[in-house]
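In: Here is my input, please return the structure:
(4 chains)
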Protein chains: 4
Amino acid sequence: MNQTARLQTFSDGIFAIAATLLILDVQLPENGDSLVHQLLHLWPSYGAYAISFVTIGIMWINHHAIFEQINRINRTFLVINIFFLLVIAFIPFPTRVLAEHLHGDARTAAFFYGLTNVMMAATYGALWFYAAHDNRLIAPYADPRMVSGISRAFRPGIPIYAVATLSALLSAWLAVALFAAIALFYVLESSLFGRSF
Amino acid sequence: MNQTARLQTFSDGIFAIAATLLILDVQLPENGDSLVHQLLHLWPSYGAYAISFVTIGIMWINHHAIFEQINRINRTFLVINIFFLLVIAFIPFPTRVLAEHLHGDARTAAFFYGLTNVMMAATYGALWFYAAHDNRLIAPYADPRMVSGISRAFRPGIPIYAVATLSALLSAWLAVALFAAIALFYVLESSLFGRSF
Amino acid sequence: MNQTARLQTFSDGIFAIAATLLILDVQLPENGDSLVHQLLHLWPSYGAYAISFVTIGIMWINHHAIFEQINRINRTFLVINIFFLLVIAFIPFPTRVLAEHLHGDARTAAFFYGLTNVMMAATYGALWFYAAHDNRLIAPYADPRMVSGISRAFRPGIPIYAVATLSALLSAWLAVALFAAIALFYVLESSLFGRSF
Amino acid sequence: MNQTARLQTFSDGIFAIAATLLILDVQLPENGDSLVHQLLHLWPSYGAYAISFVTIGIMWINHHAIFEQINRINRTFLVINIFFLLVIAFIPFPTRVLAEHLHGDARTAAFFYGLTNVMMAATYGALWFYAAHDNRLIAPYADPRMVSGISRAFRPGIPIYAVATLSALLSAWLAVALFAAIALFYVLESSLFGRSF
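Out: You can find the predicted model right below:
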């Protein structure tokens, strides 16, 4: 099994497990409400589950687009990838915090959730730009327009998530709407990475 | 590693994790009963575990039959697959709700469980018909009779699960019996997908 | 990706997740003891963790020995495999029950643990004998002595686990010692499956 | 699928799941503090999560370096690998103990955490030296300098972790600093394994 394949398999494992563990934090409150009400009142949990699941799913899709341009790895790249995966695997925690505090200190919860997204964008950007710098790990058969397209797509990542995170200080709902919009945008956006298929 | 293989590996990971996480929701009640009674009274949990595990297993088998007919993917297909996996990974939650409320508000719990199955059938159907429409992603070597056989097998999915779900409004036991019967039917049914081996 | 490979990947996923989830049930009691005492008094949990982890590990090794003799699968085999995996994924529950009740109703807990092992041996045997009957799924290049060696190794599985399970009615400690001995035996035993490497 | 590949896939699954499960033990305390304070006071949990995640990640990278030198396995190697994975999958437990007791009986918690690391180094060393002894499982195409480089890198493993563990008897903070330093050292150190890419 070559090294690039093994890195992808390991990373896919982390993506898949982090996404699937999200459901463990969707839990019925132990209060006296009827089951119907309990299930309906859990909507912040369903929403946080969906946003985080789709976000991780999109990260996985893009990870997979990156690896079409790369045909070798080195130890530094492996280490950056581990720090990126450390952030991905962390996502279930701020997701739970957000779901449980949307009716409490929602601004803190949304800010914390956003901070994790900023960290994710930062480590993900580091991963890509390390590989793309001077075509360090880029495959000879890669299409230069694809490579620069991916770089263009990565550049706004940190600022976009930073703005959404800061917006949490004004309003948690605004921030959550922005997180959902960013996830949706990456779902719909297909011109940058999409040509790779 | 080609893209179709990586998509299958990622999906298999979600299937495997969602199925295995089901066991975390089988828990002894903390009451004063003897251990023998506690273990016997957990039968709704064992039943819900088995139905959901087999349902996810069947979904996995069929996912794998689909991919024998497909030899390429695109971004839209990837995104539909993520929404399908989002529903698969959600299954442990309604399974727990069903197991814990079979002696309480069983109809609500069974209805909620059924709703998840309808969502699963809907996103699964969307995945297949997106690929099969005008042979969009169908491999040139695919057998047209297999392809139309799979389409025939998918069509009743939503109505069948919808009927089982609505039956929960009459009787939770009827609904659970139907969920088990549907799982069993798909286990036994081997003429449609079965020829692919 | 061929079907046999995908079945192995999915099964390996279940084995790996079930084994790793075992640790979630090793938990400090919430009593007033010092941490040293709490950690020392957890030895039934460590023991149950180790026995179950090694048992699952051995099942994985043997699954992998089986697949060296098989070069095709069919739907019935897939379904039997799902029921086998259903039992494997169930193991964390009786493991937790055993660890938590070794100082309580230990005989019931050990009997329940044993029952799961009997189910495991039964579904595993069904999987192998379905494949081996009339060489149904056996590869043309398989060594007949290996195939009959594996059959010989499977035959005592159910009786051995049944005896260990029944012994729990006399003494939980005897049963646990037998479970550990069986796991150890399969670890040491290398003549039957071992030649396949 | 060849045996070495399947062993790597299974091991990668355990590494990935153990690393991802770590997040389940990062939990908000249920006290009356404000959410900001709760999130800030969780820093021992974040730290323990990061150290353990990076440690497991490094173990994975090295596992992958080992397998570049090996081209066959046998049953004994498989069994040693299962005991090594048993220790890897155990890591979430001492991590939780460490995070929860840094403000309590920190020395016991750090000592227990260190003990797990010593076990990890011991089983990992056993795995490598079993393979490397007389080139038992070493590929003919392996570079002898790489093989002896890996052996040199493994030798100090047990003593280093043993010293860090014993230091916990003096001061938990010293021990934790050493655990972090060892993880960091292995991250930075690139001369021994690093040439393999």
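In: Quick check: A:F90 vs A:V79, distance?
Out: Using CB to CB, to the nearest Å, one obtains 17 Å as the distance from A:F90 to A:V79. For the C-beta atoms, the positions are set from N, CA and C on the backbone; glycine is no exception.
In: Assess the claim that A:Y49 and B:F90 are in contact.
Out: Yes - A:Y49 lies in contact with B:F90 (CB atoms under 8 Å); the separation is 7.3 Å.
In: Now for those two: what residues contact both?
Out: A:I23, A:V26 (CB atoms under 8 Å, 6 or more residues apart in numbering or on different chains).
In: Who has more neighbours out of A:F90 and A:V79?
Out: A:F90 (22 against 19; other CB atoms under 10 Å in any protein chain shown).
In: who are the neighbours in contact with the residue in chain A that chain B sits nearest to?
Out: Closest to chain B within chain A is A:A16: 3.3 Å, counting by CB to the nearest CB. Shown in contact with A:A16 (CB under 8 Å, 6+ apart): A:W60, B:F10, B:G13, B:I14, B:I17.
In: Which positions in the helix ranked longest in chain A come out as buried?
Out: Longest among the helix segments of chain A by residue count, using DSSP state H, is helix A:106-132. Under the neighbour-count criterion of 16 or more other CB atoms under 10 Å in any protein chain shown, helix A:106-132 has A:106-128, A:130-132 buried.
In: now stretch A:134-144
Out: A:L137, A:I138, A:A142.
In: And that stretch, how far out from the chain middle?
Out: 25 Å (CA atoms, centre = their mean, to the nearest Å).
In: Can I get it as CSV, trimmed to CA atoms?
Out: Output of stretch A:134-144 as CSV, limited to C-alpha atoms (Å, rounded to 0.1, in the frame of the first residue of the first chain):
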residue,chain,number,x,y,z
ASP,A,134,6.9,25.8,-5.4
ASN,A,135,4.9,22.7,-6.4
ARG,A,136,6.6,21.0,-3.5
LEU,A,137,4.3,17.9,-3.5
ILE,A,138,2.3,18.6,-6.6
ALA,A,139,2.1,15.7,-9.2
PRO,A,140,3.8,16.4,-12.5
TYR,A,141,0.5,15.5,-14.2
ALA,A,142,-1.5,18.0,-12.2
ASP,A,143,-3.3,20.8,-14.2
PRO,A,144,-1.8,24.1,-13.1
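In: for the residue of chain A found nearest chain D, helix, strand, or coil?
Out: For chain A and chain D, the shortest gap (CB to the nearest CB) falls at A:G13, measuring 3.3 Å. With DSSP: H, G, I helix; E, B strand; the rest coil as the basis, A:G13 sits in helix.
In: Same question for A:E30.
Out: Under three-state DSSP, A:E30 falls in the coil class.
In: tally of neighbours for it?
Out: As a burial measure, A:E30 scores 7 neighbours (other CB under 10 Å).
In: how much space is there between the residue with the largest distance to the centre of chain A and chain C?
Out: Going by CA atoms, centre = their mean, the residue of chain A most distant from its centre is A:G32, 35.9 Å out. Separation of A:G32 from chain C (CB to the nearest CB, to the nearest Å): 25 Å.
In: And A:Y130, by the same measure?
Out: From A:Y130 to chain C the distance is 30 Å (CB to the nearest CB).
In: Tell me if the helix or strand containing A:I51 is near chain C.
Out: Using DSSP states H and E, A:I51 falls within helix A:43-66. No - shown here: helix A:43-66 not in contact with chain C (CB under 8 Å from any CB of the partner chain), separated by at least 15.2 Å.
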